[in-house]
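In: structure, please.
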Amino acid sequence: MSRTNADGSSGTHGQLSVATEGGRVIALPARRNHPTARRALPPGIPDPQSPSEVSMAIVSLTHPASHAVVRPPASASPPPKDVGGEFRSALRHLAGGVSVITTGRGDDRTGLTVTSLSSLSAEPPTVMFGVNLSSSSFPVLKRHRSFGVNFLTAAQKEVADRFAGRNGEKGPARYAEAQWHEGRTGAPLLEGALAALDCELEELIERHSHAIVIGRVREIRLGTNDAALLYWRGDYERLGWMAEEARTALGLRSL
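Out: Next comes the predicted model:
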C-alpha cells in the first residue's frame, strides 16, 4: 500500500493496488492525484480526506464506465440443519480398531464395544475412550472403578456384536461364548485377544452427551499375532493375516 506525503513528495507508499473481480490488479493513484477537482478549504479548517487516509474499493470491469463499488463482506454459509448427523457421517470414514471394554464382577458385569480408544501416555501407561452417559456400562464403571481393554482379532466379530448389544444382549449375557480371566484389578480380560489391558479408573470427565474415561494400566497381557478387527463405514473390516493363514502362505504349517 502506498501514500503521498503532505508536502507533495512521493514516499515509500506511492500507489494502492486493488484486486478486481476479474482477477486483474489495477494500480490506483493516491487520493490527491484523482482527476476530480478538490475545493480549497479556508485556513484553519482540517481536511477530512487527509493524505494519511486510504479508501479501499473493488473496481468492477463489467461496464465500459467503471465505478468504484463498495461490497459488503460475504456472509458465512449457514450451518447444516442436522449437524449431529453430518458429524456422524464424516466419522464413518475414520477407520478404527475395535476393542471391548469390560467392567464389573459376577452378575454386575457388563461392557461395551468401542472404536474411540487411544493411548494417552506411555509414562505412566494410560489410555482413554469415550462412553455415552446413558450407556448401561457407565454406572457400573463408576461403581467398580476398574475396566479391561481387549483388542479384538478379525475372528472375534461376534464378541464385538454382543458387547454392542446388537441382538439385545445385556449385562453378563455379553460375556457368553468366550473365555475370560480376571486381571489384577478384577476386571474381566478376554482370552485370545490381540492384547488385553487391565486398568484402574483414574478420571471421568463429563462433556456434553459423553464422558472421557481415563485409565491407568496396571497389567498388560499380550495375545495372538492374528489379523486385527477394524470398523469402517458402518461395517467390520480386517487388517493383516490370521496366524494360521500366514503359516499356510509361507509353507510353514509343520512349524
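In: so what's the closest residue to residue 210 other than its chain neighbours up against?
Out: Using CB to CB, 6 or more residues apart in numbering and skipping residues adjacent in sequence, the residue nearest residue 210 is residue 130, 4.6 Å away. C-beta here means a position set from N, CA and C on the backbone, and glycine is covered the same way. Neighbouring residues of residue 130 by CB atoms under 8 Å, 6 or more residues apart in numbering: 114, 116, 210, 211, 212, 213.
In: can you rerun that using 7 Å?
Out: Going by CB atoms under 7 Å, 6 or more residues apart in numbering, residue 130 touches 116, 210, 212.
In: residue 199 now?
Out: 127, 146, 147, 149, 215, 216, 217, 218.
In: which one of those is nearest residue 244?
Out: Of all the contacts of residue 199, residue 149 has the smallest distance to residue 244: 25.2 Å, by CB to CB.
In: could you look up the SS state of residue 166?
Out: State at residue 166, reduced to three classes by DSSP: H, G, I helix; E, B strand; the rest coil: coil.
In: what's the burial count for it?
Out: By other CB atoms under 10 Å, 11 other residues sit near residue 166.
In: okay, now the unreliable bits of this protein?
Out: Along the chain, the model assigns pLDDT under 70 to residues 1-80, 252-255.
In: what number of residues lie near residue 105?
Out: Other residues close to residue 105 by other CB under 10 Å number 14.
In: go on, residue 164?
Out: 17.
In: for the residue nearest to residue 151 when sequence neighbours are not counted, grab the count of nearby residues.
Out: Excluding its sequence neighbours, the residue lying closest to residue 151 (CB to CB, 6+ apart) is residue 194, at 4.1 Å. Using other CB under 10 Å, residue 194 has 22 neighbouring residues.
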